[in-house]
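>>> quick one: sequence plus predicted model below, questions after.
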Amino acid sequence: MPHRLLGNNRDWAAAKKAADPGFFTRLAQQQSPRYMWIGCADSRVPANEITGLDPGEVFVHRNVANVVVHSDLNALSTIQFAVEHLKVEHIFVVGHYGCAGVRAAMRGVRVGLADNWLRHVHDVRLRHRKRLDHLPPEQQEDTLCEMNVIEQVGNVALSTVLQDAWARGQKVAVHGWVYGLRDGLLKDLDVTMDDSATVVQVFANAFKRYPRVADDAGGDPAEERFDTPDGGA
C-alpha cells in the first residue's frame, strides 16, 4: 500500500512538471501564502483542493473539530508564524457539516482520549443549548458545527497574536466558513473580524441568527461571552 502512494506521488509530480515546468522551482524558493486555513483533521476536507489553490498558497493548521483555545501552544504558534512571519492577510476557521467530533459532543458520545479535547465543543453546546435543544436532531448537529466555527473565530480574534497584530496596524482578517460534504460547497458564516473593535458586536450578532426558545426571557450567553477581562475564552 505505501508503494502505491509513492507511485501516485511520482505520477503527480511528473504531471505537475509537464503542465508547469517551473512550478517546483518557484515553490522551493519561497513560501508566501496570503491565506491561513484552520480546519478539521477530517480527511474529506482538503484545504487546497476545495479552494482551488496550489501548494504554497495556503498555510494550514488542522485538528479534531477545528478548535482554537488559548492553552493550545501548537495552534497559537502556528497562527503567530502565519501572521508575524508569513504576513497572511486572511485566516479562515473552517468547520464542516457531518463532523464526527461535533456529533460526539452534541450526542454526548464517548470516543476515548479525544473526549478531553472535544470538551471545548461540548462547552459551546452547553453555552448555546437554548438555541439548540428545540431543533430537530439533524439540525442540531449542523447548527452546532456553525456555532463551533463562530466560537473559534472569536478565540482566534481574541488571541494575543491577533490583538497585537491589530494594535500595530497589521491588516489581517479572521473569517468563519463551513464546508458541505454533500455538495462540496463552502458557506460563509459572515463573522469576519478585522480589528479589535469589531469582535464583540460581530460575535453577538452572529448568534442572534439562531432563535432561542420563544418563551425564554433569560440572558444571552453569546452577548456575555466577552464581557470578562480575559475575553471569557
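Done, it's in. Quantities reported herein were computed from a predicted structural model and do not represent experimental measurements.

>>> going forward, measure contacts between C-alpha atoms and count neighbours the same way
Noted.

>>> now do the helices in the chain.
Ranges of helices in the chain, per DSSP state H, are 2-19, 23-29, 47-51, 73-80, 100-107, 114-127, 137-158, 160-167, 199-207, 221-224.

>>> highest average neighbour count across those helices?
Most buried of those, by mean neighbour count (mean count of other CA atoms under 10 Å): helix 137-158, with a mean of 23.

>>> what is that helix packed up against?
The contact analysis (3 or more CA pairs under 8 Å, 6 or more residues apart in numbering; DSSP states H and E) places helix 137-158 against strand 90-96, helix 100-107, helix 114-127, strand 173-179, helix 199-207.

>>> relative to helix 137-158, how tilted is the last one?
This points to helix 199-207. 170 degrees (axes from the mean of the first three to the mean of the last three CA atoms, to 10 degrees).

>>> i'd like the first residue to be 665 from this point on
All right, first residue 665 from here; so that's helix 863-871.

>>> got the angle between helix 863-871 and strand 837-843?
Using the same axes, to 10 degrees: helix 863-871 against strand 837-843 is 20 degrees.

>>> then the longest one?
Using the same axes, to 10 degrees, one finds that helix 778-791 and strand 837-843 are set 100 degrees apart in direction.

>>> do the same with the first one
Relative orientation of strand 754-760 with respect to strand 837-843: 20 degrees, computed using the same axes, to 10 degrees.

>>> so strand 754-760 versus helix 764-771, what angle?
Put simply, strand 754-760 runs at 60 degrees to helix 764-771, going by the same axes, to 10 degrees.

>>> which ones are touching the residue nearest the centre of the chain?
Nearest to the geometric centre of the chain sits residue 757, at 2.2 Å (CA atoms, centre = their mean). Residue 757 sits next to 701, 702, 703, 730, 813, 816, 817, 838, 839, 840, 841 when contact means CA atoms under 8 Å, 6 or more residues apart in numbering.

>>> is it true that the second one touches residue 722?
Same thing as residue 702. No - with contact defined as CA atoms under 8 Å, residue 702 does not count as touching residue 722 (10.2 Å).

>>> the two: who's more crowded?
Counting neighbours by other CA atoms under 10 Å for residue 702 and for residue 722 shows that residue 702 has the greater number, 29 against 22.
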